[in-house]
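>>> fold the following, please.
(chains A and B)
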Amino acid sequence: MAERLDCRDAFAVTLECLAEHDPRIVAVVNDSLGSTRLARFSKRFPARLVNAGIAEQNMVGIGAGLANGGKIPFVCAASCFLTGRALEQIKVDIAYSRANVKLCGMSSGLAYGQLGPTHHSIEDLAWLRAIANLTIIAPADALETEQAVRAIAAAHGPVFLRLSRLPVPRVHPADYRFRIGSAAVLKPGSDVALIANGTMVCRALEAAAMLAEAGVSARVINMATLQPLDREAILDAAETTGGIVTIEEHSVHGGLGGAVSEVTATARPVPMRILGVPARFAPTGTAEWLFEYFGLTPQGIFAAALELQETRVRR
Amino acid sequence: MNQDSESLPGGLLESLARRVRRRSIQMVYEAGLGHPGGDLSAADILVTLYFGVLRVDAGDAEWAQRDRFIMSKGHCSASLYATLAFKGFFPEEELAEFMAPLSRLNGHPNRTELPGVEANTGPLGHGFPIAVGAALAAKMDDAPWRTFVLTGDGELQEGSNWEAIMAAAHYRLDNLVAIVDRNGIQQGGPTESILAVEPLAEKFRAFGWAVRETDGHDFAALLEVFRAVPFQPGRPSCILAKTTKGKGVSFMEGRARWHHGVPDDAQLAAALAELGAESDG
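Next up, the predicted model:
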C-alpha cells in the first residue's frame, strides 16, 4: 500500500515555509497547537502566533482584525468548533467583510471517530457553502494540501480550508498543479463519473479500479474546490458519462453532492447517487469503522456505481 | 490629515455634533428606519474621536498607519455615516441615500463599499474581537497606530465581548481603547432590568483593564480622557462614557421606544427645532 500522510503535517510545514519569506503570515489557534500541528511554528515565530484560548468567536474576530492590520492570518482549529461555534463571525467578519483570512478547519468529517457527533464536522461544508465570498477547499492528499496552502496565501480574500487528521495516500502525480476552482480528472472514464473530495478521493480511485475489472469505465474527479465550483467539469462528466456518484466525508445534505446536483439538475440532469453521512448522528465507532458503517468505502462506491449503471440500463 | 485637537476652535466639536444629530434624525426619518436613540447617545463620542483624537486620512482611507475606529454598535450607522461624511471620507450629499436601494449606506456599515468603515458590524459582540485582532497586528509590527472600539452597553451581554476583553488584557494591548456608550437602555428597556451588566468598572478591572469613567456628552472631559490613553502601560484602556439615549431631543431622551423609533413629520420638526440651526455655534 502506498505511504499514507497526514495532511496537517504538509499544511504546517508549508505555512512555516511561507512565514519565513512573508512577515504578514501569522497564525491564530484556540489552544490547539498540537492538533493544528503548529507547535513548531509557534517556536519559530512566537510573536506571530496568537493563542486565543478556548474562545472561537473571539478567535475568528481576531483573524478579521489582524487582516485589517495588514496580516494574512491562518485561523486554525478543529473544524467542528471553528465552523459551529463561530459561524456568524465567519459570515460577517470574514466573508461579508472580504477579510483576507484563511480559516483552516482541522480534523473535519468523521475524523474524531469515537469522540462522537459533538466532535464530528459533517455539517461544515453545508453551512459554509451557503455563505457568499468564501472560497472552500478540501484537498485530497499532502501534495495538494501544500499547493493549496500556497495558493490561498497568495490569493487575496476569505478561504475555508478543510483538512482531516486521517492519513491518506498520494492521489496526484508529481507534476500535479492545484488551481483554485479547477477540478482534477484523476482517471478518464466514460460510463460513470465518481466525484469526490478530501479523504474520499483515494477511495473513489480504488472503486474505479474495481469497476474497471467489472467492465465499467469510471471517470474519477477530485473536486477539491467546492466554492467556486468547477461547473464545466461537472457538465462535461454528465454529458460524457450520463451518471454521477458523489462521495464526501460529510452529510449527504448540502455538501459536495448538493453542489454537484444543483448544477446537474438545472443544466444537465443525469441519474446520481450521493454518498456521505445520512441525516443522522453517527453511532460510536472509529472513523474507519464509521466509513464502513456508512458505506464510504471502495466497495460502497463500487456498489453505488453499479446500481447507477443498472438504473440507466432499465431506463 | 492628523487633527491637532489642541488647536480645535472652541465650539467646533459642539457644532459638529449638532450637525451629526440633525443629519442622523433626518436620515432615519427619510429612510423610515434606523436607531436614533443610540445615534444621539454616541454622537459626541464619534465627533470627539474623528475630529479630536483619531489619526486618520479621509483622502486615503486605507492608509496603513491610521488609527482604527471600530463601531461595534453597527446599528447606529446613521451617526457613523454622518460623522464620516463630515470628516470627508465620502460626499455629504450621499447621506441622502441612507438605506436607499443599492446605496453604499446600508442599514449596517459595510467596509467593502464605504470608505472609512473599518469593520462590518450589526450583529452585536463582533467589533470587540476584531479590535483585539487589529491591536495585535500593530503590536506585532511595533507600529504606533491605535485601535478604538465603541460598544453599546446592552451589547456587553454578548459573551464574545468578554472573550475579547480577556484576550486584550492577556496580550497587554495598551494600544487598544474600548469606549462603552453607557446610555443604560437597550431595545426592550433598561439594561439593568433586562440583564444587568453592572458593575462594569469592576468587571473590566477584574479582567485586567485600566478603567476611567466620564461624561460622554462633555467634550472637554472626553478629550481629556482620550488624551490620557493608555491609562496604564501594559493594560488596555476602557472608557465608560455615561450618556443619555436620545441625547439632545427631549422627547427621545431616556426612552427605550426611540431605540429604533422613527419620527413622524411633527416629531422631526420638533427634534430639529430643539437641536437648533445647523450653522449655530
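
>>> what's around B:Ala220, how many residues?
Residues near B:Ala220, counting by other Cβ atoms under 10 Å in any protein chain shown, number 11. Quick note: C-beta positions are derived from backbone N, CA and C, even for glycine.

>>> doesn't it fall inside a strand?
No. Under DSSP: H, G, I helix; E, B strand; the rest coil, B:Ala220 sits outside any strand and is assigned helix.

>>> for it, give me the pLDDT.
B:Ala220 carries a pLDDT value of 96.

>>> which parts of the stretch 151-281 of chain B sit against chain A?
B:Gly159, B:Ser160, B:Glu163, B:Ala164, B:Met166, B:Ala167, B:His170, B:Tyr171 (Cβ under 8 Å from any Cβ of the partner chain).

>>> let's see that with 6 Å instead.
B:Ser160, B:Glu163, B:Ala164, B:Ala167 (Cβ under 6 Å from any Cβ of the partner chain).

>>> any idea how far B:Gly189 is from B:Val211?
Remark: distance between B:Val211 and B:Gly189 (Cβ to Cβ, to the nearest Å) = 26 Å.

>>> tell me where the stretch 101-250 of chain A has strands.
Ranges of strands in the stretch 101-250 of chain A, per DSSP state E, counting those that start in this stretch, are A:102-106, A:135-137, A:159-162, A:168-169, A:184-187, A:192-196, A:218-222, A:225-227, A:244-251.

>>> in this structure A:Cys202 contacts A:Pro169, no?
Yes. With contact defined as Cβ atoms under 6 Å, A:Cys202 counts as touching A:Pro169 (5.2 Å).

>>> which one's more surrounded, the two?
A:Cys202 (22 against 16).

>>> sorry, back to before: would you tell me which of the strands of the stretch 101-250 of chain A gets closest to chain B?
strand A:102-106 (13.6 Å; Cβ to the nearest Cβ).

>>> could the strands of the stretch 101-250 of chain A go into CSV alongside mean pLDDT?
Listed next are those as CSV, based on pLDDT from 0 to 100:
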stretch, mean pLDDT
strand A:102-106, 98
strand A:135-137, 98
strand A:159-162, 98
strand A:168-169, 97
strand A:184-187, 98
strand A:192-196, 98
strand A:218-222, 98
strand A:225-227, 98
strand A:244-251, 98
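
>>> rebuild those as JSON lines, extending it with distance to B:Asp60.
Formatted as JSON lines, those follow (distance: least, Cβ to Cβ, whole Å):
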{"stretch": "strand A:102-106", "distance to B:Asp60": "27"}
{"stretch": "strand A:135-137", "distance to B:Asp60": "29"}
{"stretch": "strand A:159-162", "distance to B:Asp60": "28"}
{"stretch": "strand A:168-169", "distance to B:Asp60": "47"}
{"stretch": "strand A:184-187", "distance to B:Asp60": "43"}
{"stretch": "strand A:192-196", "distance to B:Asp60": "47"}
{"stretch": "strand A:218-222", "distance to B:Asp60": "44"}
{"stretch": "strand A:225-227", "distance to B:Asp60": "33"}
{"stretch": "strand A:244-251", "distance to B:Asp60": "44"}
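
>>> helices and strands of chain A: which one bottoms out on pLDDT?
Within chain A, no helix or strand scores below helix A:298-314, which has a mean of 88 by mean pLDDT, DSSP states H and E.

>>> which residues touch it?
Applying Cβ atoms under 6 Å, 6 or more residues apart in numbering or on different chains, the external contacts of helix A:298-314 come out as A:192, A:203-204, A:206-207, A:210-211, A:243, A:245, A:247, A:271, A:273, A:275.

>>> now a PyMOL select for only the buried ones of these.
Listed next is the PyMOL selection for buried residues among the contacts of helix A:298-314, using 16 or more other Cβ atoms under 10 Å in any protein chain shown:
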select buried, chain A and resi 192+203+204+206+207+210+211+243+245+247+271+273+275
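
>>> identify, from the contacts of helix A:298-314, the entry nearest to A:His253.
A:Leu275 (12.6 Å; Cβ to Cβ).

>>> sheet partners, orientation included, of the helix or strand where that closest one lies?
For A:Leu275, the host element (DSSP states H and E) is strand A:272-277. With DSSP bridges as the test, strand A:272-277 is paired with strand A:244-251 (parallel).

>>> keeping just the C-alphas, turn the partner strand into PDB.
The C-alpha coordinates for strand A:244-251 follow below in PDB (Å, rounded to 0.1, in the frame of the first residue of the first chain):
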ATOM      1  CA  ILE A 244     -22.600  10.700 -11.400                       C
ATOM      2  CA  VAL A 245     -21.700   9.300  -7.900                       C
ATOM      3  CA  THR A 246     -20.500  11.900  -5.400                       C
ATOM      4  CA  ILE A 247     -18.600  10.800  -2.300                       C
ATOM      5  CA  GLU A 248     -17.800  13.000   0.700                       C
ATOM      6  CA  GLU A 249     -17.000  12.700   4.300                       C
ATOM      7  CA  HIS A 250     -19.900  15.000   5.100                       C
ATOM      8  CA  SER A 251     -23.700  14.900   5.400                       C
END
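
>>> burial count for A:Asn51?
19.

>>> tell me who's in contact with it.
A:Val29.

>>> does the nearest residue to B:His108 once chain neighbours are set aside belong to a helix, a strand or coil?
The shortest distance from B:His108 to any non-neighbouring residue, by Cβ to Cβ, 6 or more residues apart in numbering or on different chains, is to B:Gly122 (3.3 Å). Secondary structure, three-state DSSP: B:Gly122 is coil.

>>> what's around B:Gly122, how many residues?
19.

>>> now for residue 190: which residues touch it?
As the question left the chain open, I've gone with chain A. Contacts of A:Ser190 (Cβ under 6 Å, 6+ apart): A:Ser217, A:Thr240, A:Thr241.

>>> nope, chain B
Contacts of B:Pro190 (Cβ under 6 Å, 6+ apart): B:Gly184.

>>> and it, how far from chain A?
26 Å (Cβ to the nearest Cβ, to the nearest Å).

>>> what's the first helix or strand after the lengthiest helix in chain B?
Secondary structure of chain B read by DSSP state H shows that its longest helix is helix B:12-31. Heading C-terminal from helix B:12-31, the first helix or strand you meet, by DSSP H and E, is helix B:36-48.

>>> any idea of the mean pLDDT in that next one?
When pLDDT is averaged over helix B:36-48, the result is 97.

>>> can you name every helix or strand that it contacts?
Here helix B:36-48 touches helix B:12-31, helix B:77-87, strand B:176-182, going by 3 or more Cβ pairs under 6 Å, 6 or more residues apart in numbering or on different chains; DSSP states H and E.

>>> list the contacts of the helix or strand sitting right after the last one along the chain.
It refers to strand B:176-182. Counting by DSSP H and E, the element after strand B:176-182 in chain order, helix or strand, is strand B:185-186. With contact meaning Cβ under 6 Å, 6+ apart, strand B:185-186 is reached by B:Gly154, B:Lys245, B:Ala256.

>>> check stretch A:202-216 too.
Here stretch A:202-216 makes contact (Cβ under 6 Å, 6+ apart) with A:168-169, A:171, A:187, A:191, A:194, A:196, A:218, A:220, A:247, A:298, A:301-302, A:305.

>>> just send these back as JSON lines, with distance to A:Ala67 too.
Below are the contacts of stretch A:202-216 laid out as JSON lines (distance: Cβ to Cβ, whole Å):
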{"residue": "A:Val168", "distance to A:Ala67": "30"}
{"residue": "A:Pro169", "distance to A:Ala67": "35"}
{"residue": "A:Val171", "distance to A:Ala67": "32"}
{"residue": "A:Lys187", "distance to A:Ala67": "39"}
{"residue": "A:Asp191", "distance to A:Ala67": "46"}
{"residue": "A:Leu194", "distance to A:Ala67": "37"}
{"residue": "A:Ala196", "distance to A:Ala67": "32"}
{"residue": "A:Ala218", "distance to A:Ala67": "42"}
{"residue": "A:Val220", "distance to A:Ala67": "36"}
{"residue": "A:Ile247", "distance to A:Ala67": "34"}
{"residue": "A:Pro298", "distance to A:Ala67": "41"}
{"residue": "A:Ile301", "distance to A:Ala67": "39"}
{"residue": "A:Phe302", "distance to A:Ala67": "45"}
{"residue": "A:Ala305", "distance to A:Ala67": "43"}
